[in-house]
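Enquirer: Quick one: sequence plus predicted model below, questions after.
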Amino acid sequence: MSPPLKKLLVIQTAALSPEVARGLELAGVEFQAAQGVFPAVTCTAQASFRTASLPAAHGMIANGLYHRSLRKVMFWEQSSALVAGPRIWDDFRHAGGRVALLFWQQSMGEDVDILLTPAPIHKHHGGLVQDCYGKPDGLYTDLCRRLGASFTLHRYWGPAASAKAGDWIAAATMQVMQAPSPGLCLTYLPTLDYDFQRFGPTHAKGRVAIARLRQQLADLMTAAEKNGYGVVIFGDYAIAECPGGAVFLNRALADAGLMKARNVRGMLYPDFHASRAFAMVDHEVAHLYVARETDIPAVKTLVAQIAGVAEVLDADAQAGVGLRNAHSGELVAVAGEGTWFAYPWWRNRAQAPDYARHIDIHNKPGFDPCELFLCLFPPGITQDTTRVRGSHGRTGSGREIAIGSTVDLKSQPADIIELGRCVKEWLGRL
């Protein structure tokens, strides 16, 4: 009889749905369908797992946050202080266990023993220095030496993003699992995300991405067995085809005189100081920030009538799904099946802000999947939203995630939050 496992590897796998999981055929892992957390986006899902709580409690209501005191939208910020609440590994660490957190969002400053996440330096006159933030000091340099290659940021996001990013992360994770290995190691594989969004989950290129993911997971499981780890694998959301295309909430709000923009040398930049309402969009979900309480009913009526909007949640409805938080919009719009929300407010491409033509994940007031595509003329990132074929954010029937494990979690988790609780309890039994 094999000795009881004392270590755990958690692999959060982007876009892992039950349909995808059935084709992975990983020895020793039986996948089950479960519910994601709403909205089904990366930062919300990861924060919900590691705190075993709803967005209403931990505060990551999207991949971006609108900071009302600054009147500024900020996407993909990495401070762990943005995620409120205790972590599922706190008791384990207090008992002497060691924890590694690799390539998870909002991880910088997290109370763990080993940490690795992309942290490029943006140069003053353009361009960037590729680098990763590591803990302990020298971790990233040591991994680059052992792997014979550094992490390439352009493969992690943008037109050149590919499964090669997942290859590097998987290889780095296998190095971290070697002695002296942490008792809990959490890592992230983005492999499916890129071509599922570019082409849709049923496209031939999506099947190629699945094959690459299968190899990455198989390698990680081999390393896990060698180093005495059990394995938990879970998805954050299911990507669906979006033949209905993009819905432009901010254009409708601007047409109604509610969203305001500054004309700077012919380019329209958002003016959140003067805007009475605007949409911070994130795939299939959008937070609507309404400056005046008296405008809320009119904004809800306006947005609900836009083609491609399935529903608009007020404060009570948000509370009912565990989303209502100080960061939340006064209203939250959900896209209809087969559509997604795009952030632009301009109609003439010549009026687009400078960042619309570039990869700028932090400053755009909404997630922009067009950053996965190049435009040859004018050169830069495309503004053609019709090229996006897959999106996510909705939950419910047909949007389940997959959860698989090689360890006994004592129960089958119904959702990501329950999975977090199960992992916490498993660690407590060590």
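Expert: Thanks, I have the structure now.
Enquirer: For residue 187, list the residues it contacts.
Expert: Shown in contact with residue 187 (Cβ atoms under 8 Å, 6 or more residues apart in numbering): 9-12, 100, 102-104, 169-170, 173, 220. Where you see a C-beta, it was placed from the backbone N, CA and C, and this is true even at glycine.
Enquirer: How about the contacts made by the residue lying closest to residue 345 once chain neighbours are set aside?
Expert: Excluding the flanking residues, the one nearest residue 345 by Cβ to Cβ, 6 or more residues apart in numbering is residue 250, at 3.8 Å. Contact analysis of residue 250 by Cβ under 8 Å, 6+ apart lists 259, 278-279, 281, 343-345.
Enquirer: can we see that at 7 Å?
Expert: For residue 250, the contact set (Cβ atoms under 7 Å, 6 or more residues apart in numbering) comprises 259, 278-279, 343-345.
Enquirer: tell me which element residue 263 is part of?
Expert: strand 261-264 (DSSP states H and E).
Enquirer: now do residue 33
Expert: Assigned by DSSP H and E, residue 33 falls in strand 32-34.
Enquirer: after that strand comes which helix or strand?
Expert: Using DSSP H and E, the helix or strand that follows strand 32-34 in sequence is helix 42-51.
Enquirer: Kindly export the helix or strand following that following helix (C-alpha atoms) in PDB.
Expert: Counting by DSSP H and E, the next helix or strand C-terminal to helix 42-51 is helix 55-58. C-alpha atoms of helix 55-58 as PDB (Å, rounded to 0.1, in the frame of the first residue of the first chain):
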ATOM      1  CA  PRO A  55     -16.900  38.000  -4.800                       C
ATOM      2  CA  ALA A  56     -19.200  39.900  -2.400                       C
ATOM      3  CA  ALA A  57     -16.700  39.000   0.400                       C
ATOM      4  CA  HIS A  58     -13.300  39.000  -1.400                       C
END
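Enquirer: Can you tell me what sits against the next helix or strand after helix 55-58?
Expert: Remark: after helix 55-58, the chain's next helix or strand is strand 64-67, criterion DSSP H and E. Here strand 64-67 makes contact (Cβ under 7 Å, 6+ apart) with 73-75, 82, 280, 282, 287, 289, 327.
Enquirer: Please indicate which of those residues has the highest neighbour count?
Expert: Neighbour tally across the contacts of strand 64-67 (other Cβ atoms under 10 Å): the maximum, 30 neighbours, falls on residue 280.
Enquirer: what sits against the residue lying closest to that residue once chain neighbours are set aside?
Expert: Nearest residue to residue 280, sequence neighbours excluded (Cβ to Cβ, 6+ apart): residue 287, at 4.7 Å. By Cβ under 7 Å, 6+ apart, the contact set of residue 287 is 61-62, 66, 280, 328-329, 332.
Enquirer: If we use 6 Å, what do you get?
Expert: Counting by Cβ atoms under 6 Å, 6 or more residues apart in numbering, residue 287 touches 280, 329, 332.
Enquirer: repeat for residue 150
Expert: By Cβ under 6 Å, 6+ apart, the contact list for residue 150 reads residue 144.
Enquirer: Tell me how far it lies from residue 172.
Expert: The gap separating residue 150 from residue 172 is 10 Å, by Cβ to Cβ, to the nearest Å.
Enquirer: Could you give the separation of the lowest-mean-pLDDT helix or strand in the chain from the chain centroid?
Expert: Taking mean pLDDT, DSSP states H and E as the measure, the chain has strand 128-129 as its least confident helix or strand, at a mean of 84. What separates the centre of strand 128-129 from the centre of its chain is 23 Å, taken as Cα atoms, centre = their mean, to the nearest Å.
Enquirer: Tell me the strands beside it, with direction?
Expert: Strand 128-129 sits in its sheet next to strand 121-122 (antiparallel), going by DSSP bridges.
Enquirer: from the contacts of residue 187, which single one is nearest residue 409?
Expert: Minimum distance to residue 409 across the contacts of residue 187 is 11.5 Å, recorded for residue 10 (Cβ to Cβ).
Enquirer: Now that we're looking at that closest one, what pLDDT does it have?
Expert: Reported pLDDT at residue 10 in the predicted model: 98.
Enquirer: Show me the contacts of residue 250 that map onto strands.
Expert: 278-279 (DSSP state E).
Enquirer: most surrounded residue in the contacts of residue 250?
Expert: When neighbours are counted by other Cβ under 10 Å, residue 278 leads the contacts of residue 250 with 31 neighbours.
Enquirer: For it, give its distance to residue 287.
Expert: From residue 278 across to residue 287, the span is 9 Å (Cβ to Cβ).
Enquirer: And residue 133, by the same measure?
Expert: 28 Å.
Enquirer: Not counting the least confident helix or strand of the chain itself, show me its contacts.
Expert: Everything outside strand 128-129 that qualifies as a contact, by Cβ under 6 Å, 6+ apart, is 120-122.
Enquirer: Compute the number of surrounding residues for residue 127.
Expert: For residue 127, using other Cβ under 10 Å, the count is 9.
Enquirer: And it, what's its pLDDT?
Expert: 80.
Enquirer: So, low pLDDT: which residues of the stretch 1-150 of the chain?
Expert: For the stretch 1-150 of the chain, the stretches flagged by pLDDT under 70 are 1-4.
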